[in-house]
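A.B. asks: Predicted model and sequence below, questions to follow.
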Amino acid sequence: MSLPPLAERMRPSTLDDYVGQTHLVGPNGVLRRMIESGRPASFILWGPPGVGKTTLARIIAKASESTFHTLSAVTSGVKDVREVIEQCRRESESMFSKGRPILFIDEIHRFSKSQQDSLLGAVEKGVVTLIGATTENPSFEVIRPLLSRAQVYTLKPLDENELRQLLDHTLAHDEVLSGRDVKVDETTALFRFAGGDARKLLNILELLDQATPAGRPLVINDKTVTENLQQNPQAYDKGGEMHYDIISAFIKSVRGSDPNAALYWLARMIAGGEDPEFIARRLIILAAEDIGLANPNALLLANATFDALMKIGMPEGRIPLAECTVYLATSAKSNSAYMGIAAALAEVEKSGNLPVPLHLRNAPTTLMKKMGYGHNYLYAHDYPGNFVRQQYLPDALRGTKLWHPCDNPAENTLAQRQNERWS
């Protein structure tokens, strides 16, 4: 009979064998106290893949002697949810029941609103203890009523010490690897490829084991790991939270004038398979929002970058993307145009549809001219310096300032020119 995969063989059944998440399961951790009390409450585990979400749920169910039901949001519908809740209701009413049934829902963020709604009554009435697992931010993906009934606990990627602990434990206790001659020379590549993911680390170990003939030492070093994996599958979900986290870090690095950090986050997006057009569009927005009038050439370069990317594609497109990133990061910064339009929109929202002053209105008909449309309008080009004092705002907003220049050489020049005109 074939053995289950290494990751399944090494799945811990008690906290003594559980690696990582000491902030939750350490001596004073909230989940440890919950397990020891034997009275678990509903909660949602939020964290990246391979950090022990499902394992924690199973350990809690075993410790509380509760029946354990699982649903996958990928394959289950409302009907499945209702059926398992009804089964849990029968179990909780049984005289043989030792604890409230536990319903574990993997990928709970994939449940639709109606599917999540179908859980509310059972959770609120105590028919089930809900444990959800998600790799996405529950604030965005889980309905508010369900969040109010289930505490959210955040799980972290395993650090190097925890990965080393898992490696040593596996080599010492797995029924296959414990019987092999294993030489651990280097772990840098192994831990880098694992990326804080326990399951990925165990899958790599299993791959190395299968690639090494029986009777020969299993050597773990950077060379053997890299040769067997070929390339590092980047942890980057283009539709998930990491997508938003990394683009946020990229934008803030450019805004903060750190070209090194900006290039790093750019590389993370490129290596993770992000749509290069998305990156180019963000550069255009950055050029207008954060560099703005301090360096109007930034917007020209950002547009040229998008055009170049469309012409040459990837992977060469990474070069103009990098050029534009460095240029924007090192450029003078101004958000005066961005803040100006925000202030103008806020004013429009507050004051509504104020009438256009008569002298600014177009007068294509005789009737409109008789009504005063366009009367006394002063054509700027008829005056010295192509400027003449005139009211352009609605009467109710006369004298209102919406654009406030930032302190940089380019805008200081603009501000001085405006002061000379309007002072």
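C.D. replies: That came through, no problem.
A.B. asks: What segments of the stretch 301-423 of the chain are helices?
C.D. replies: All helices of the stretch 301-423 of the chain, identified by DSSP state H, counting those that start in this stretch, fall at 318-330, 336-351, 366-370, 409-422.
A.B. asks: who wins for proximity to G20 among these?
C.D. replies: helix 318-330 (34.6 Å; CB to CB). C-beta: built from backbone N, CA, C; applies to glycine.
A.B. asks: could you dump the closest one to PDB, C-alpha only?
C.D. replies: Backbone C-alpha positions of helix 318-330 (Å, rounded to 0.1, in the frame of the first residue of the first chain) are rendered in PDB as follows:
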ATOM      1  CA  ARG A 318      10.900  45.300 -17.800                       C
ATOM      2  CA  ILE A 319      13.700  47.800 -18.800                       C
ATOM      3  CA  PRO A 320      11.500  50.800 -19.500                       C
ATOM      4  CA  LEU A 321       9.400  49.900 -16.500                       C
ATOM      5  CA  ALA A 322      12.500  50.000 -14.400                       C
ATOM      6  CA  GLU A 323      13.700  53.300 -16.000                       C
ATOM      7  CA  CYS A 324      10.400  55.000 -15.300                       C
ATOM      8  CA  THR A 325      10.300  53.600 -11.800                       C
ATOM      9  CA  VAL A 326      13.700  55.000 -10.900                       C
ATOM     10  CA  TYR A 327      13.000  58.400 -12.600                       C
ATOM     11  CA  LEU A 328       9.700  58.800 -10.700                       C
ATOM     12  CA  ALA A 329      11.300  57.700  -7.400                       C
ATOM     13  CA  THR A 330      14.200  60.200  -7.700                       C
END
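A.B. asks: Could I get the buried residue list for it?
C.D. replies: By neighbour count on 16 or more other CB atoms under 10 Å, the buried set for helix 318-330 is R318, P320, L321, A322, C324, T325, V326, Y327, L328, A329.
A.B. asks: what sits up against that helix?
C.D. replies: 253-254, 257-259, 262-263, 266, 270, 276, 279-280, 283, 286-287, 290-291, 298, 301-302, 304-305, 308-309, 312 (CB atoms under 8 Å, 6 or more residues apart in numbering).
A.B. asks: try stretch 61-72
C.D. replies: Taking CB under 8 Å, 6+ apart as the rule, stretch 61-72 contacts 13-14, 35-36, 38-40, 57-58, 80-81, 84, 87-88, 91, 97-107, 128-129.
A.B. asks: List the buried residues of it.
C.D. replies: A61, A63, S64, S66, T67, H69, T70, L71.
A.B. asks: So which of these sit within strands?
C.D. replies: Using DSSP state E, the subset of those located in strands is H69, T70, L71.
A.B. asks: Could you check how far the last one is from Y244?
C.D. replies: Taking CB to CB, to the nearest Å as the criterion, L71 is separated from Y244 by 27 Å.
A.B. asks: And the first one, by the same measure?
C.D. replies: When CB to CB is applied, the distance between H69 and Y244 equals 32 Å.
A.B. asks: Could I get the full set of strands for the protein?
C.D. replies: Going by DSSP E, the chain shows strands at 43-46, 68-72, 102-106, 129-134, 151-154, 182-184, 218-220.
A.B. asks: Show the end-to-end separation of stretch 61-78, please.
C.D. replies: 24 Å (CA to CA, to the nearest Å).
A.B. asks: Kindly report the same for stretch 310-325.
C.D. replies: 17 Å.
A.B. asks: Check stretch 16-25 too.
C.D. replies: 10 Å.
A.B. asks: got a list of contacts for that stretch?
C.D. replies: 12, 15, 29-32, 35, 51-52, 55-56, 59, 153, 155-156, 158, 162, 165-166, 169, 198.
A.B. asks: Give me the buried subset of those residues.
C.D. replies: Judged by 16+ other CB under 10 Å, buried ones among these: 12, 15, 29, 31-32, 35, 51-52, 55-56, 59, 153, 155, 158, 162, 166, 198.
A.B. asks: so which of the buried residues of stretch 61-72 comes closest to N386?
C.D. replies: Within the buried residues of stretch 61-72, distances to N386 taken as CB to CB reach their minimum at L71, with 70.8 Å.
A.B. asks: still on that earlier bit, reformat the strands of the chain as a markdown table; add mean pLDDT.
C.D. replies: A markdown table is the format used below for the strands of the chain (pLDDT from 0 to 100):
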| stretch | mean pLDDT |
| --- | --- |
| strand 43-46 | 91 |
| strand 68-72 | 84 |
| strand 102-106 | 87 |
| strand 129-134 | 89 |
| strand 151-154 | 90 |
| strand 182-184 | 91 |
| strand 218-220 | 90 |
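A.B. asks: Of all those strands, which one is nearest L208?
C.D. replies: Comparing the strands of the chain under CB to CB, the one sitting nearest is strand 218-220, at 6.2 Å.
A.B. asks: Partner strands of the closest one and their direction?
C.D. replies: Partners of strand 218-220 in the sheet, by DSSP bridges, are strand 182-184 (parallel).
A.B. asks: Figure out how far the partner strand is from the centre of its chain.
C.D. replies: Relative to its chain's centre, strand 182-184 lies at 37 Å (CA atoms, centre = their mean, to the nearest Å).
A.B. asks: what's the closest non-adjacent residue to V225?
C.D. replies: A189 (4.2 Å; CB to CB, 6 or more residues apart in numbering).
A.B. asks: what's near enough to touch that neighbour?
C.D. replies: Contacts of A189 (CB under 8 Å, 6+ apart): N221, D222, V225, T226.
A.B. asks: So the first one sits against D185, correct?
C.D. replies: Yes: with contacts counted by CB atoms under 8 Å, N221 reaches D185, the gap being 4.1 Å.
A.B. asks: about what we covered before: okay, the helices of the stretch 301-423 of the chain in TSV with distance to D209 and mean pLDDT next?
C.D. replies: Shown next, in TSV, are the helices of the stretch 301-423 of the chain (distance: least, CB to CB, whole Å; pLDDT from 0 to 100):
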stretch	distance to D209	mean pLDDT
helix 318-330	36	96
helix 336-351	56	91
helix 366-370	86	83
helix 409-422	62	87
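A.B. asks: quick one: which of these is nearest V123?
C.D. replies: With CB to CB, the closest approach to V123 among the helices of the stretch 301-423 of the chain belongs to helix 336-351: 39.7 Å.
A.B. asks: In terms of secondary structure, what does the closest one contact?
C.D. replies: Applying 3 or more CB pairs under 8 Å, 6 or more residues apart in numbering; DSSP states H and E, we find helix 336-351 packed against no helix or strand.
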